[in-house]
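Trainee: predicted coordinates and the sequence they were generated for:
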Amino acid sequence: MNFYIMTLFPEMVMDGLHTSIIGRAVNSGLLHIEAVNIRDYAFNKHNSVDDYPYGGGAGMLMQAEPVCQCYQALEERIGKKPRVVYLSPQGKTFHQGMAEEFAMEEDLVFLCGHYEGIDERVLEEIVTDYVSIGDYVLTGGELPAMIMVDAISRLVPGVLHNDVSAEFESFQDHLLEYPQYSRPEVWHEKRVPEVLLSGHHANIEKWRREQSVIRTAKNRPDLLAKAELTKAERELARK
Ligand code: ADE
């Protein structure tokens, strides 16, 4: 899968997305992640890409033309109109289902705004999806783009070595993940739950499912409305 991140700060994106699991997938050719510098498409001799907003107000806006030129060069390289995600607090809130949908694309372009945003006219022309990562305001779209690339990449087959591990985890079935333990059996006088040492797989599965329900009820009761629970599990969630 190919990710193109249009930004004024390419180093931010390149450093963050070429380490660990995502870095390994890039090295093995499963993923291509490229930061495209919007400043390379500046059209004046000062290389500036921002200007004051009409009507006044604080800060500067990214101008339409460099963004448009940058996008058009990308579209030409890709050979078709890709989906273009604009990161903004005004977008739809990102969630796992969205990550699954985007993971089906071959090419995905992210447009990162900085300063006070981008001239609306170019957004109207090129953006297909407006996405926010949550109800708070950041200084730019780079971190949100990196978050989305990470969440989408790990769903691309082969990126996680163990393909089942993308399945059994938080938000599967709208439940949070159960607690996990590794060696030693006793640490700071806390024992690993006995059932996990039993080797009894059915009991372990049952315990994990219950823990997921209890955890979700405690930390994210809003998720439970969508979860498919048995009568006994609903009871457990009410306690
Ligand atoms: N840019 C600034 N804040 C943002 C947010 N919360 N989500 C996506 N893009 C942003």
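Mentor: Structure received. Residues are numbered from 1 along each chain as shown.
Trainee: how far off centre is the longest helix anywhere in the chain?
Mentor: Assignment by DSSP state H gives helix 201-219 as the longest helix of the chain. With CA atoms, centre = their mean, to the nearest Å as the basis, helix 201-219 stands 26 Å off its chain's centre.
Trainee: separation between the residue nearest the centre of the chain and the ligand?
Mentor: The centroid of the chain falls nearest to Met148 when counting by CA atoms, centre = their mean (2.1 Å). Taking CB to the nearest ligand atom, to the nearest Å as the measure, Met148 and the ligand are separated by 9 Å. The C-beta positions use only the backbone N, C-alpha and C, and glycine is treated the same way.
Trainee: can you tell me the SS state at that residue?
Mentor: At Met148, secondary structure determined by DSSP: H, G, I helix; E, B strand; the rest coil is helix.
Trainee: that one reaches His95, doesn't it?
Mentor: No: using CB atoms under 8 Å, Met148 makes no contact with His95, being 11.0 Å away.
Trainee: what about Tyr4, which helix or strand?
Mentor: Secondary structure from DSSP states H and E places Tyr4 in strand 2-7.
Trainee: quick one on the thing from earlier: what about the longest helix of the chain, average pLDDT?
Mentor: Averaged across helix 201-219, the pLDDT comes to 97.
Trainee: that one: what's the following helix or strand?
Mentor: That would be, after helix 201-219 and using DSSP H and E, helix 221-224.
Trainee: where's the residue nearest to the centre of the chain relative to Val67, distance?
Mentor: For Met148, the distance to Val67 equals 19 Å [CB to CB, to the nearest Å].
Trainee: so which residues on this protein come close to the ligand?
Mentor: Counting by CB under 6 Å from any ligand atom, the residues of the chain close to the ligand are Leu87, Ser88, Pro89, Ser132, Ile133, Gly134, Tyr136, Val137, Leu138, Gly141, Pro144.
Trainee: where does the nearest residue to Asn203 once chain neighbours are set aside land on pLDDT?
Mentor: Counting by CB to CB, 6 or more residues apart in numbering, Asn203 lies nearest to Val195, which is 5.4 Å off, once chain neighbours are set aside. We have a pLDDT of 98 for Val195.
Trainee: and Val195, that's in a strand?
Mentor: No: using three-state DSSP, the assignment for Val195 is helix, not a strand.
Trainee: quick one: contacts for it?
Mentor: By CB atoms under 8 Å, 6 or more residues apart in numbering, the contact set of Val195 is Asn203, Ile204, Trp207.
Trainee: and the closest residue to Phe102 other than its chain neighbours, how many residues sit next to it?
Mentor: The shortest distance from Phe102 to any non-neighbouring residue, by CB to CB, 6+ apart, is to Ile152 (4.9 Å). For Ile152, the tally of surrounding residues (other CB atoms under 10 Å) stands at 24.
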